[in-house]
Each structure stands twice: as structure tokens, then as C-alpha cells.
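Asker: mind folding the following:
(2 chains)
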2 protein chains.
Amino acid sequence: MAARRARKLKATNEATDPSSRVARFGPDRPLSLDSGKVLSPFQIAYETYGALNEARSNAILICHALTGDQYVASRNPITGKPGWWESLVGPGKVIDTGRFFVICSNVIGGCLGSTGPASLNPETGRAYGLDLPIVTIGDMVRAQTMLVDELGIDRLFSVIGGSMGGMQVLEWAASYPERVFTALPIAAGARHSAQNIAFHEVGRQAVMADPEWCGGRYIDEGRRPEKGLAVARMAAHITYLSETALHRKFGRNLQDRETLTFGFDADFQIESYLRHQGMTFVDRFDANSYLYMTRAMDYFDLAADRGGRLADAFRNTETRFCLVSFTSDWLFPTEESRTVVRALNAAGASVSFVEIETDRGHDAFLLEEPEFFAAVGGFLDSAARARGLEDAP
Amino acid sequence: MAARRARKLKATNEATDPSSRVARFGPDRPLSLDSGKVLSPFQIAYETYGALNEARSNAILICHALTGDQYVASRNPITGKPGWWESLVGPGKVIDTGRFFVICSNVIGGCLGSTGPASLNPETGRAYGLDLPIVTIGDMVRAQTMLVDELGIDRLFSVIGGSMGGMQVLEWAASYPERVFTALPIAAGARHSAQNIAFHEVGRQAVMADPEWCGGRYIDEGRRPEKGLAVARMAAHITYLSETALHRKFGRNLQDRETLTFGFDADFQIESYLRHQGMTFVDRFDANSYLYMTRAMDYFDLAADRGGRLADAFRNTETRFCLVSFTSDWLFPTEESRTVVRALNAAGASVSFVEIETDRGHDAFLLEEPEFFAAVGGFLDSAARARGLEDAP
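Answerer: This is a model prediction of the structure:
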């Protein structure tokens, strides 16, 4: 319990005063939002790995998923766990930080140090809560362009991300094609489906049903909607796995006992597993931020924002694309990637597409999948040669 | 709001004093439960349609699903809606009440008049709440055998049900083969999968997270865990539909407006639809009963209860089986029915199996599906001839 308390305290601090680097944008550099509102002042918490080369041509921006953060290849200060993509990113890894300058920032609306609902609203001196304007994937990316400007980078060698991160990749490629040499949207789609919106709505209702949520003002009230957020996470977590993987890992195995208890305790391993997922999540994540992140994904619809034709989002693009999907991913099924591939083909873009055979569901993009890593590695190597980057030493 | 209050009051009354017929079992006729406990006294609320013939050979027992009830072919007293299977059951329908004597009872643990957690515990004079012993699919069926005894019926012409109802059908066929001439398990399986247990656990945690749940004693406290139960229903409801159907019905269509609101109101039709499903459900269903029903389904594992070999559940059976599955059902995919079919074949049983092509998901079993109706009708006709039943007049 002491460890959990420590994590919660750390999470609260990281939301406003992060361990990572921070880029601060004062009143002279406001962030224009898709809602028509303006966020100012605001800050972006980010990490970098490796060194920018003299030509400033080796920078890779990695975009994180719904509950991810900037600690892509370094220890998370709250959980103490390794970076969430450390298997892919690091010295000598597929995304080699000995060769590339890797940037990863916490998205706007997040809770790991970039301005979000847990940040102080300068107008009131209290946490924003629901007074923070809704942010979109477009707003997250617009904020990232300001960070990339700040770092003096004109054109990114690559923008890479999975799930919500993949949405950001597509948004970058569509809105700032001249700044993106290669784009790797992984386990993503050009819009959120009705079923995905439905699952997000269940999660939001679970949070808002918790009386500790206090209409979003729980930080001011010194409370925490932990039960509601845990239920939201449990429901979402099921969608990250495949039926096959659940069956293989848990099946109907019982938890620490030989027979059924004929009660409502966690009899089955899958039950304790889910409860654990819910419990650990609430220690590290802000409930309002969860509402904002899910809303941003729901709102994402690249074609609708561009007159209804997805191919028009990529007209005359020179960006090289590599899309990856996973066979057992039912949150962003392969068909979603295929739709993007077809639009890219229609737009005459350079695109490669790999569907990885795996039973690990949507979460596969975060796991060690040799075929996936090989595809990313091969694509980046070839693009690096085309961009005139030296090989890794 | 007055209508909702009236429905809630009606639901409370129906739980203890149902509009339907009631069979009461006194202290001399206790119900032995799989947990080793005993339920006594207890009652079963049921409806019948049509007339029992002289040979007592034309009775069909219909078993309801998770949140179903005994009003299979007559108006539900709480909602005022037609019976839940009125498209299939009635005079001149596929299950012709001019020809068959149809029985449908509220399951033990339910909340429409059979003994359940909202019933009075005779030992305390208050609602059982969680003091009701856990009930299993086996317990539900054992109670039904006592009702069928009470009605003077030795052998049922048929036992028919979908989803949790289909589990009861399989339990009947496995435990009382001599009493079942034909069995029709529809959109069901011989055990609950890890993913299905996971979704149920999310629902239970949503209910239990609601402070109005009061550790299960909300009736005594005059409270109602409506928000938690609504979230549970919303999550479950997604699993009853298919991704394709959700896309076809709702897609990303906006609700009563032209543009996004940039807020957390129901922007998308799918959101208001789900909220509506949650809200109407809590008016008619008891939260604790929802816990008991989901637990009964989770515990169901026909093979495990019989030494681990499913075929052994059906050794030397003379029951004729007809199984039906639906292509887009991801809660009980066709593979679950195939597993049962293979076991029945291994046991040398008479079995026919139909997979219906539809995009309506698990809910298809409750909807007008001509091919499904034709399959059931054809199977029953042929069995009726074999049983020496006259044709419908």
C-alpha cells in the first residue's frame, strides 16, 4: 500500500512538474485548437535519445498511444518500469539511437507533464479539469510541430506510432507532408469506428458515474475516481487482447485454488488479471486525461476533415509510408490499414504494407514481434540510405 | 420521468409478487444447489401458452437468456412491450401454441418473480441481497425439473433457448436426457470463454463500484445502483452486436446536429444509443440479479462437470439435437457450437446444425431471421411427426 501511495503522489507531481525535459510556450506562442479555442500558455514534456546530426536530418518523432507517455526508451518515473517501446528503441535496436535522434513527447491533454486537465489553469489557479478545451489528434500534432520547431528541426526523418500514435502519424503526413520524410502508422486507422467509439463511451461513463469524479473537479476536492477509472481500463483492456490470446493465457483457469468458491471473488485468473490491470492503471493515470484522450481518438476522421475523400489527404505527397497491422487486432483490424493503403495508392504515394500474423491482438504493437521489428528495420534502413544518412557505426 | 418511476416501482413489485403464474415449493421440497447449499422455500414464476395434450407429449420448455424473463410470448408487465420471442412463439408461429404447450419460467436467481437476490429472505425478513447462495445453470435447470414435475409432465417434447438459455438446454440434455425428446441450443456453447468471463467481470465491477450498491444491501437501504448497472449493460450491449451492424446502423453519424460539439455530451448516435440501452435496462432489472446471472454463465462448463470430456455428457442419449449459430456472433462464435456438434457426433447422437449468415451479431437469435426460423420450424415438424404429434389444425 505504501508503494501505491508513493506512485499516486509521484503521478500527481509528474502531471505538473515532470522529470523529463519541458518546452514552455508563453503567451506569445499560443496553440490554436480545432475547436476554435486557444491554449496559452502551455507546455510540452518530452524526452530525447541519441544526438541530432549536423544536417539535422536524422530526427525521428515517436507518437505515443492512449495511455502512453514520453518515456519511450527510458524508465517511467511513476512505475519505475522500462520505457514502453524499449524493445524497439535504443542503442543498437531497430530504431537505433546511435544513429537516429529520437524525440517522444507527452501529448497535449495528457498527464505526464504536457498541459492537460490536471495542469493548473492560470486563470483560476486551480486544476483545469473539464475547463480544458477538448483537444484533437490535429491539436496534438500541431503542438508537436511547435516542439520540433523549438528543437530546430525542419524535416523529420520519420514519424512513428501505434494506435492513437498511428493516428498522429497519419495526421502529420496529411497536414505537414513536407516535414515528414517517412511515416509509420502502426495498428491504426484513418478514423475511429462505431464499435471503438462505443467502448470509449462505456469507459467515459464509468469514470463519470463515480461520485469521486465530482463533475471533473476531483483534484480540487482532494478525491480520486479510482473505481470508475479502473472499470474503464478493464473494459478497454479486453479490446487490446485477442480472444485466442486470452484463451491461451488464461482459459478458464482458476486463481490460486482447486475449485470454484461460489461467490463473487476473483475465481478465474482472467478476473484477477483484469482487476490488477485496473488497479495499477489508476495509480499512474489521470481520470480526466483519460476522458480527453478517448475523445480525441473518437473525433479522429482524416477523410471527413478533408472533404470526405481520404486520398485527398495525401495528394502529391512525397512522404514514404510503411503501414503495419496485426491479424488478431480487432480494435484496428487490418481492413482499417488497407483502407489507408488504398487511399495512398490512389494518391500515388510510395507505400509498403505488412500484415503481421500473431494472436496477440492490438497489444502486439507494444510487444516483441520479430517480423514486425524486421519490417520496421528494413524500411528505415532503406529510407535512411535514400536520405543520405550514414549507417550506424 | 413519471413513466420511469412507474416502471421502477413495477419492477420492484414483480420481483416478489409477479403478474405471472407462480409455483411455490415449501420446506418439504427444497432446491439442492451445486454449491452444496439448499434454497428453501422458493418459488418459480412462469407463463404457459397453448394447451397440454392428453398424452402430455406436446410440451416445450423455453429457457430465457441473461436478462430475459417468462414473458416469451406475452406482454412484459414492466415495459409493456410484446414478449421477447413473440416473432417465433404464438398461434400459427414457428413454435405454434395452437399445437404445442409452451412453458417459460423465470430462472432461479432472476428478478421477475422467481426466487432471487431481490426476494425476501425468510430468515431475516429482508431482501436476500448477496446472502442468496450462488446459483448455477445446473441449479436453474434442477428448479425447472421441479416445475415440470408440478405440471405433470414426464418428458418434454423440446427444450429451446438462446445464449444463457442455450446453456440451460445443453444442461437439460446432459443431466435429464430421458426427459428431453428434442433440444435446441441456439447461439450458445458448452462453456463460457475467457473473453466472456472478462466482459462479465467488468460488468460486475461496474455495479459493485457504485456506492449506491451498498455491498448488495441497496434494497434495504432504499437505494439503487443505477449508474453502475447502466455501465455494465452498455459494455455488455456492445458484445451483443457485430462491428458490421454497428457500422451499418450508426457509423460515425452525429446525433441531432451538424458538427462536433467539442465536449463530452453524446456527439455520436452510437453514444446516445448506448446511454439509452443503459438507462432503460436499470428500470427493469435488479443489479444483484445481474451479478448472479453473469456468475452462473461464467461457471458453466459442461465438460469440466463431467470428467473433462464433453462427449461423455451425452453418452447413449436419444435426444435429437438442433444447434444454431450466427456468423457474426462474436460472443458465442460458431466454433463454440461446432465443439458441441463434434461431441454429440462422438457420442453417436442425432444432431443437425445450421450456421445462419447474418451481420446482426449475437442478438440475431432474438430477431426476425427467416433462415433461422425455417431451420427451427423444419426440425420441430419432423420431430413432431416422429413423436406422433398431430399436425397443427
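Asker: all strands of the stretch 151-300 of chain A, in order?
Answerer: Using DSSP state E, counting those that start in this stretch, the strands found in the stretch 151-300 of chain A span residues A:156-162, A:180-186.
Asker: what lines up beside the first one in the sheet?
Answerer: Put plainly, it is strand A:156-162. Within its sheet, strand A:156-162 is paired with strand A:59-63 (parallel), strand A:180-186 (parallel), according to DSSP bridges.
Asker: now these in JSON lines, with mean pLDDT?
Answerer: Formatted as JSON lines, those follow (pLDDT from 0 to 100):
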{"stretch": "strand A:59-63", "mean pLDDT": "98"}
{"stretch": "strand A:180-186", "mean pLDDT": "98"}
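Asker: could I get those strands as CSV with distance to B:Leu366?
Answerer: (Each C-beta comes from the backbone N, C-alpha and C, glycine too.) Below are the strands paired with strand A:156-162 laid out as CSV (distance: least, CB to CB, whole Å):
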stretch, distance to B:Leu366
strand A:59-63, 42
strand A:180-186, 38
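Asker: make CSV out of these and add mean neighbour count and distance to A:Gln269.
Answerer: Formatted as CSV, the strands paired with strand A:156-162 follow (neighbours: other CB atoms under 10 Å in any protein chain shown; distance: least, CB to CB, whole Å):
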stretch, mean neighbour count, distance to A:Gln269
strand A:59-63, 27, 33
strand A:180-186, 26, 29
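Asker: residues contacting the closest residue to A:Pro333 other than its chain neighbours?
Answerer: Closest residue to A:Pro333 apart from its sequence neighbours, by CB to CB, 6 or more residues apart in numbering or on different chains: A:Ser325 at 7.3 Å. Contacts for A:Ser325 (CB atoms under 8 Å, 6 or more residues apart in numbering or on different chains) come out as A:Ile186, A:Ala187, A:Phe332, A:Pro333, A:Thr334, A:Glu336, A:Ser337, A:Arg338, A:Phe353, A:Val354, A:Glu355, A:Ile356.
Asker: just the buried ones from the residues you listed?
Answerer: Neighbour-count burial (16 or more other CB atoms under 10 Å in any protein chain shown) applied to the contacts of A:Ser325 gives A:Ile186, A:Ala187, A:Phe332, A:Pro333, A:Thr334, A:Glu336, A:Ser337, A:Phe353, A:Val354, A:Glu355, A:Ile356.
Asker: quick one: the residue positioned nearest the centre of chain A and B:Glu47, what's the gap?
Answerer: In chain A, the residue lying closest to the centroid (CA atoms, centre = their mean) is A:Ala65, at 1.3 Å. According to CB to CB, to the nearest Å, A:Ala65 and B:Glu47 sit 51 Å apart.
Asker: what does the domain assignment say about chain A?
Answerer: What automatic domain parsing lists as the domains of chain A is A:2-192+A:304-386, A:197-294.
Asker: would you mind giving those as TSV with distance to B:Phe101 added?
Answerer: Below are the domains of chain A laid out as TSV (distance: least, CB to CB, whole Å):
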stretch	distance to B:Phe101
domain A:2-192+A:304-386	44
domain A:197-294	35
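Asker: B:Thr136 is nearest to which of those domains?
Answerer: Among the domains of chain A, domain A:197-294 comes nearest to B:Thr136, with 8.3 Å by CB to CB.
Asker: dump the residue contacts of the closest residue to A:Val180 other than its chain neighbours.
Answerer: Nearest-residue entry for A:Val180: A:Thr319, 4.8 Å, with adjacent residues in sequence omitted and distances by CB to CB, 6+ apart. For A:Thr319, the contacting residues are A:Ala173, A:Pro177, A:Val180, A:Phe181, A:Thr182, A:Ala183, A:Ala349, A:Ser350, by CB under 8 Å, 6+ apart.
Asker: can you check the pLDDT for A:Thr319?
Answerer: Predicted confidence (pLDDT) at A:Thr319: the value is 98.
Asker: next one: A:Gly152 from chain B, what distance?
Answerer: Distance, A:Gly152 to chain B, by CB to the nearest CB, to the nearest Å: 33 Å.
Asker: repeat for A:Glu171
Answerer: In terms of CB to the nearest CB, A:Glu171 sits 16 Å off from chain B.
Asker: quick one: the closest residue to that residue other than its chain neighbours from B:Gly166, how far?
Answerer: Spatial nearest neighbour of A:Glu171, chain neighbours left out: A:Val141 (4.5 Å); criterion: CB to CB, 6+ apart. For A:Val141, the distance to B:Gly166 equals 48 Å [CB to CB].
Asker: tell me which of those two has more neighbours.
Answerer: Using other CB atoms under 10 Å in any protein chain shown, the more surrounded residue of A:Val141 and B:Gly166 is B:Gly166, with 30 against 24.
Asker: nearest spatial neighbour of that one, skipping sequence neighbours?
Answerer: B:Ala188 (2.5 Å).
Asker: surely the one you found meets B:Ser337?
Answerer: Yes. Counting by CB atoms under 8 Å, B:Ala188 touches B:Ser337, with 7.2 Å between them.
Asker: do you know which of the domains of chain A lies nearest B:Gly215?
Answerer: Proximity to B:Gly215, assessed across the domains of chain A by CB to CB, is greatest for domain A:197-294 (10.9 Å).
Asker: can you report how many residues lie near the residue nearest to A:Ile95 when sequence neighbours are not counted?
Answerer: Computed as CB to CB, 6+ apart, the closest residue to A:Ile95 that is not its neighbour in sequence is A:Val89, at 4.4 Å. For A:Val89, the neighbour count with other CB under 10 Å is 24.
Asker: A:Val89 against A:Gly98, yeah?
Answerer: No. Assessed by CB under 8 Å, A:Val89 is found out of contact with A:Gly98, at 11.4 Å.
Asker: circling back to that earlier point, next, format the strands of the stretch 151-300 of chain A as TSV and append distance to B:Glu390.
Answerer: Formatted as TSV, the strands of the stretch 151-300 of chain A follow (distance: least, CB to CB, whole Å):
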stretch	distance to B:Glu390
strand A:156-162	64
strand A:180-186	65
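Asker: for those strands, which one sits closest to A:Arg295?
Answerer: Per CB to CB, nearest to A:Arg295 of the strands of the stretch 151-300 of chain A: strand A:156-162, 18.3 Å.
Asker: which residues are contacting the closest one?
Answerer: By CB under 8 Å, 6+ apart, strand A:156-162 touches A:57-65, A:95, A:100, A:148, A:167-169, A:172-173, A:179-188, A:365-366, A:376, A:380, A:383-384, A:387, A:389.
Asker: for chain B, what are the nearby residues on the stretch 1-150 of chain A?
Answerer: A:Asp34, A:Ser35, A:Lys37, A:Leu130, A:Pro133, A:Ile134 (CB under 8 Å from any CB of the partner chain).
Asker: now, of those residues, which are buried?
Answerer: For the residues of the stretch 1-150 of chain A next to chain B, a burial check counting by 16+ other CB under 10 Å picks out A:Asp34, A:Ser35, A:Lys37, A:Pro133, A:Ile134.
Asker: and A:Phe326, backbone torsions?
Answerer: According to degrees, to the nearest 10, the main-chain angles of A:Phe326 amount to phi -130, psi 130.
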